[in-house]
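S.K.: test case, fold it:
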Amino acid sequence: MPVGFEDSFCRYCGTQGVACGTVVWRLAHVPVGWGPTQLLVRVRRFACTHCRRVWRQDTWALAELRERLTHSAVEWGLRALVLSSMSISRVAQALGISWRTANSAILTHAQSALLDDPHRFDGVEVLGVDEHVWRRTKRGDRYVTVVIDLIPVRDRSGPARLLDVAPGRSKKVLKTWLAQCDQAWREQVEVVAMDGFSGFKSAAGQELPQARAVMDPFHVVSLAVSKLDECRRRIQRQTTGRRGRAGDPLYRARRTLRTGASLLTDVRARRLEALFADERHAPAHAAWGVYQRLIQAYRADDPGLEST
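M.R.: Okay, the predicted model is just below:
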């Protein structure tokens, strides 16, 4: 297929060149039915009659210079990676190219289309900060700090939007990232949601003094579950003098205790009633009640109206 305009004028001296043959350029294109698709592009060559230089027809509208993917293929790969959670290996397989070629092209496009977008921080009033295991190695896990926009979650208009990923997890990492942001943008942030790590809270307090620091629902519920488990284990040791075993009522109910009351089957509900009928399990009953009220508050349309 021919492509682009002829571009027959020399880029160095301006003299009109003459055609001197064509070359065939193989390019990976958007898959058809998840099968690799290749375009065979006929690119015309020109020679300058004055300075004797040789050049090829301009193909910028189809693909970047020396790339093996069309612009459409790179866009498809980025969308598959971000929206469909596909791996680079699967994208490369669908396009019929190597992992290295796919990874390089998609990262370059993501840098220009996403990270270099000057408007990607616009309207961010609720900021989310969390740590993530980026890579597991024999020497330990490698962590990154993930920064997200929680406005879509607050407004119930969609999922959270990824803003950036910074290598490492520490107060210094978040403080450095925030310090690099524009002052006007930092002043518009009203809430910072994070886990219980004191380093993140300290960094947010120094760089975003006007913002209110809160713990996100996931980590609040996770903390409540851990405290419920600690209470169950403590009562188990006090009543039996040992760790839980398969036949112990508290041990058998360990997963049932974590289940929301509205999701319990009749059998599990009766099992909990029998468990809490024992006065020795009163502390576990109290901890379970607090946990249930907590998750009910998060499930309510307006948590402020939920009874305490």
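S.K.: tell me where the chain has helices.
M.R.: Ranges of helices in the chain, per DSSP state H, are 71-83, 88-95, 99-110, 151-154, 171-180, 183-188, 198-207, 217-240, 249-252, 254-258, 266-276, 282-299.
S.K.: ok, the nearest residue to L257 once chain neighbours are set aside to L263 distance?
M.R.: Excluding the flanking residues, the one nearest L257 by CB to CB, 6 or more residues apart in numbering is W288, at 5.6 Å. (Each C-beta comes from the backbone N, C-alpha and C, glycine too.) Distance, W288 to L263, by CB to CB, to the nearest Å: 14 Å.
S.K.: circling back to that earlier point, including distance to G17 and mean pLDDT, could the helices of the chain go into JSON lines?
M.R.: Below are the helices of the chain laid out as JSON lines (distance: least, CB to CB, whole Å; pLDDT from 0 to 100):
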{"stretch": "helix 71-83", "distance to G17": "26", "mean pLDDT": "89"}
{"stretch": "helix 88-95", "distance to G17": "34", "mean pLDDT": "92"}
{"stretch": "helix 99-110", "distance to G17": "30", "mean pLDDT": "90"}
{"stretch": "helix 151-154", "distance to G17": "53", "mean pLDDT": "89"}
{"stretch": "helix 171-180", "distance to G17": "48", "mean pLDDT": "94"}
{"stretch": "helix 183-188", "distance to G17": "50", "mean pLDDT": "91"}
{"stretch": "helix 198-207", "distance to G17": "57", "mean pLDDT": "94"}
{"stretch": "helix 217-240", "distance to G17": "63", "mean pLDDT": "93"}
{"stretch": "helix 249-252", "distance to G17": "84", "mean pLDDT": "92"}
{"stretch": "helix 254-258", "distance to G17": "75", "mean pLDDT": "94"}
{"stretch": "helix 266-276", "distance to G17": "81", "mean pLDDT": "93"}
{"stretch": "helix 282-299", "distance to G17": "69", "mean pLDDT": "93"}
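S.K.: let's have these in TSV, adding distance to V126 and mean neighbour count.
M.R.: Converted to TSV, the helices of the chain look like this (distance: least, CB to CB, whole Å; neighbours: other CB atoms under 10 Å):
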stretch	distance to V126	mean neighbour count
helix 71-83	21	18
helix 88-95	31	19
helix 99-110	24	17
helix 151-154	5	16
helix 171-180	15	17
helix 183-188	11	12
helix 198-207	12	18
helix 217-240	13	15
helix 249-252	40	16
helix 254-258	28	15
helix 266-276	37	13
helix 282-299	16	16
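S.K.: quick check, A211 in contact with L127.
M.R.: Yes: the criterion here is CB atoms under 8 Å, and A211 meets it with L127 at 7.4 Å.
S.K.: and for the two, which residues touch both?
M.R.: Counting by CB atoms under 8 Å, 6 or more residues apart in numbering, the common neighbours of A211 and L127 are 189, 191-192.
S.K.: among these, who's most crowded?
M.R.: Counting neighbours by other CB atoms under 10 Å, V192 leads these with 25 neighbours.
S.K.: read off the pLDDT value for it.
M.R.: Note on V192: pLDDT of 95.
S.K.: ok, it to L115 distance?
M.R.: Distance from V192 to L115, by CB to CB: 21 Å.
S.K.: just to revisit the earlier point, T15: which of the helices of the chain is closest?
M.R.: helix 71-83 (30.8 Å; CB to CB).
S.K.: just the CA trace of that closest one, in PDB.
M.R.: Coordinates of the C-alpha atoms in helix 71-83 are reproduced here as PDB (Å, rounded to 0.1, in the frame of the first residue of the first chain):
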ATOM      1  CA  HIS A  71       0.400   4.600  15.500                       C
ATOM      2  CA  SER A  72      -2.900   2.700  15.700                       C
ATOM      3  CA  ALA A  73      -1.100  -0.500  16.900                       C
ATOM      4  CA  VAL A  74       0.700   1.400  19.700                       C
ATOM      5  CA  GLU A  75      -2.600   3.100  20.700                       C
ATOM      6  CA  TRP A  76      -4.300  -0.300  20.800                       C
ATOM      7  CA  GLY A  77      -1.500  -1.800  22.900                       C
ATOM      8  CA  LEU A  78      -1.700   1.100  25.400                       C
ATOM      9  CA  ARG A  79      -5.400   0.700  25.800                       C
ATOM     10  CA  ALA A  80      -5.200  -3.100  26.200                       C
ATOM     11  CA  LEU A  81      -2.500  -2.600  28.900                       C
ATOM     12  CA  VAL A  82      -4.400   0.100  30.800                       C
ATOM     13  CA  LEU A  83      -8.000  -0.600  30.300                       C
END
